[in-house]
Each structure stands twice: as C-alpha cells, then as structure tokens.
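Enquirer: Predicted model and sequence follow; I will ask about them next.
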Amino acid sequence: MGIVGESGCGKSITAKSILQIVEAPGRIINGEINYNPRPAANSTTDILSLGSNSAEMIFQDPFSSLNPRMNIYEIISEPLLVHGIGSSSEREDRVAELLRVVRLRPEYMRRYPHAFSGGQRQRIGIARALAVNPRLILADEPVSGLDVSVQAQVINLMMDLQDELGLTYLFVSHDLSVVKQISNRVVVMYVGRIAEIGTPEELFGAPKHPYTAALMSSVPKPHPSQRSKRYVLEGEVAKSG
C-alpha cells in the first residue's frame, strides 16, 4: 500500500506510529492505529520466530540511519541481538545470508558505513529491516535521497524481495510514479486525513476527490509532446482536526 500526499500531511507519522517510534498525542491524531508486533508468550526465539507478526522500517536517509561507529555486521544483527535471537554464529550466518539477499557480498560485513555508496547503504538498511523475517515493512521514502538510476535499482530490489519473501509494504513517498509502480493500493492523505483510497489505476485514471485529481495531474509526463490537464485547487488549505 502506497501513501501519498504533500509534505506535512501525516504520512511519516502514520508509519512511525504503527511501530511506536513516536507516540502521537491524541490532540494530533484522532482514532487508533492497531498493530501487534509482539510474539506470543510461548513462542520460541529462533532466527525466524518473529516473522509471523513483526514489522520493521526502512528509513529515508541512508546516511543518518546507519550508525557510523558500528560495522555492517553489528548494524544488521542488532535487531537479532535486541530480541535475543540466535547464537553468535547463527547471527553471523544470518547477516551473511541477508547481505546476499540484498545483492551485497557477505565479506563486506566487517566494513563500516563510510565505505559504501548511498545505494549500498540503503541496501544495508533493507537487510537490517529483513533481519527478523518481518511480515510488514514500513518504507518511509526509501529512495528519495538516491540518484535516479540508483532509485530504480533499489525499487526493483524491493519488488523482487516482495515476491521472494511474501512481504507487505507500507510505502510512503512523494514520487507518484514510484508509488504507481510498486503499489497494489494507494492512500491519498490531506491535512492528516485520508482523502481517498483506491488502486493506482483508479486514482490515476479517475480520481474522485478534488485533491487527488490535483495531485495526480502534477505528475510530469515522460515526453515533451505529452501534456496533462492540470487541476488547480482554489481557496485556503483546509485545517486538520
């Protein structure tokens, strides 16, 4: 599911609230966000035991989201260590497997983040998110800080992983073309509320909400000869709440 909308409409805080990275006060968010990321009390803590109900996050900035004082093994294995999953050798095997999954060499695990490009760092962030075999991954604009050619590589990797591992993504982005490519359903947010939900074909082809129509009409066409009708919203911006 993709989440789109202008800056400040509540996309990122929605994703972070699901993981309880932030605790949004009731005066800002009305309603509830329910998700159960904790295993049953009698579950075992092997390498994959959290996968049936856990959620993880891929962050926007591949430079600030990786601790420069930790090597790649420490970064990717940290979720396993926090949850007490596996022995030292099992965690090392898991990190090597995850690096192969994201198309990086396992022998890189003893290097530090400064030795990698932005695209490689984001692959490391994806590997960390996959460490506990999650059911849901929340991706907060995971390619916005990357070059266009690298964006395509990372998006293709995420789509391949979705098929290979049976993942569900909550994909936050400003790039409507990327959302259209990767999403089965799209949520359009406006001033902290959901304005419209539908398939990419429905929202791009026949939007029902005026804000959705204006948002979709702002997508640039790939060829100069192609022009789309622009929908311009008039009046003041609505107030949230």
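Expert: Noted; the coordinates are in hand.
Enquirer: Now do the SS call for residue 7.
Expert: Assigned with DSSP: H, G, I helix; E, B strand; the rest coil, residue 7 falls in the coil class.
Enquirer: okay, now it: neighbour count?
Expert: For residue 7, the count of nearby residues is 7 (other CB atoms under 10 Å). From N, CA and C alone the C-beta is placed, and that goes for glycine too.
Enquirer: can you give me the strands in the chain?
Expert: In the chain, the strands defined using DSSP state E lie at 2-4, 55-58, 136-140, 168-172, 186-190, 193-198.
Enquirer: quick one: residue 153 from residue 71, how far?
Expert: With the distance defined as CB to CB, to the nearest Å, residue 153 ends up 23 Å from residue 71.
Enquirer: repeat for residue 196
Expert: From residue 196 across to residue 71, the span is 45 Å (CB to CB).
Enquirer: Name the nearest residue to the residue most central in space within the chain, sequence neighbours excluded.
Expert: In the chain, the centroid-proximal residue (CA atoms, centre = their mean) is residue 139; its distance is 0.6 Å. If the residues on either side of it in the chain are set aside, residue 139 comes closest to residue 58, at 4.5 Å by CB to CB, 6 or more residues apart in numbering.
Enquirer: same for the longest helix along the chain, what does it pack against?
Expert: If you go by DSSP state H, the chain has its longest helix at helix 148-165. Secondary-structure packing of helix 148-165 (3 or more CB pairs under 8 Å, 6 or more residues apart in numbering; DSSP states H and E): helix 118-130, strand 168-172, helix 176-182.
Enquirer: how about the CA coordinates for the last one, as CSV?
Expert: As requested, C-alpha coordinates have been extracted for helix 176-182 and formatted as CSV (Å, rounded to 0.1, in the frame of the first residue of the first chain):
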residue,chain,number,x,y,z
LEU,A,176,3.8,9.3,-7.6
SER,A,177,5.4,7.4,-10.4
VAL,A,178,7.2,5.1,-8.0
VAL,A,179,4.1,4.6,-5.9
LYS,A,180,2.2,3.7,-9.1
GLN,A,181,4.8,1.1,-10.0
ILE,A,182,5.2,-0.6,-6.6
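Enquirer: Now do that helix: everything it contacts.
Expert: Here helix 176-182 makes contact (CB atoms under 8 Å, 6 or more residues apart in numbering) with 2, 4, 143, 151, 155, 158-159, 169, 171, 173, 186, 200, 204, 215-216, 218-219.
Enquirer: buried subset of those?
Expert: Buried members of the contacts of helix 176-182, counted by 16 or more other CB atoms under 10 Å: 2, 4, 143, 151, 155, 158, 169, 171, 173, 186, 200, 204, 215-216.
Enquirer: quick one: low-confidence ranges for the chain?
Expert: Scanning the chain for pLDDT under 70 picks out 24-53, 220-241.
Enquirer: mind giving me the domain ranges of it?
Expert: Annotated domains of the chain cover 1-34+178-241, 43-174 [automatic domain parsing].
Enquirer: Looking at those, which one is packed in the most?
Expert: domain 43-174 (a mean of 18; mean count of other CB atoms under 10 Å).
Enquirer: what's the offset of that domain from the middle of its chain?
Expert: Distance of domain 43-174 from its chain centroid, counting by CA atoms, centre = their mean, to the nearest Å, is 11 Å.
Enquirer: Likewise for stretch 196-203?
Expert: Chain-centre distance of stretch 196-203: 19 Å, with CA atoms, centre = their mean.
Enquirer: would you put the C-alpha positions of stretch 146-162 in CSV?
Expert: The C-alpha coordinates for stretch 146-162 follow below in CSV (Å, rounded to 0.1, in the frame of the first residue of the first chain):
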residue,chain,number,x,y,z
LEU,A,146,19.2,8.5,-4.0
ASP,A,147,20.2,9.2,-7.6
VAL,A,148,17.5,8.4,-10.2
SER,A,149,19.4,5.4,-11.6
VAL,A,150,20.1,4.0,-8.1
GLN,A,151,16.4,4.6,-7.2
ALA,A,152,15.4,2.2,-9.9
GLN,A,153,17.8,-0.4,-8.7
VAL,A,154,16.5,-0.2,-5.1
ILE,A,155,12.9,-0.2,-6.2
ASN,A,156,13.5,-3.3,-8.4
LEU,A,157,15.2,-5.0,-5.4
MET,A,158,12.3,-4.3,-3.1
MET,A,159,9.8,-5.6,-5.7
ASP,A,160,11.9,-8.8,-6.1
LEU,A,161,12.1,-9.3,-2.3
GLN,A,162,8.3,-8.8,-2.1
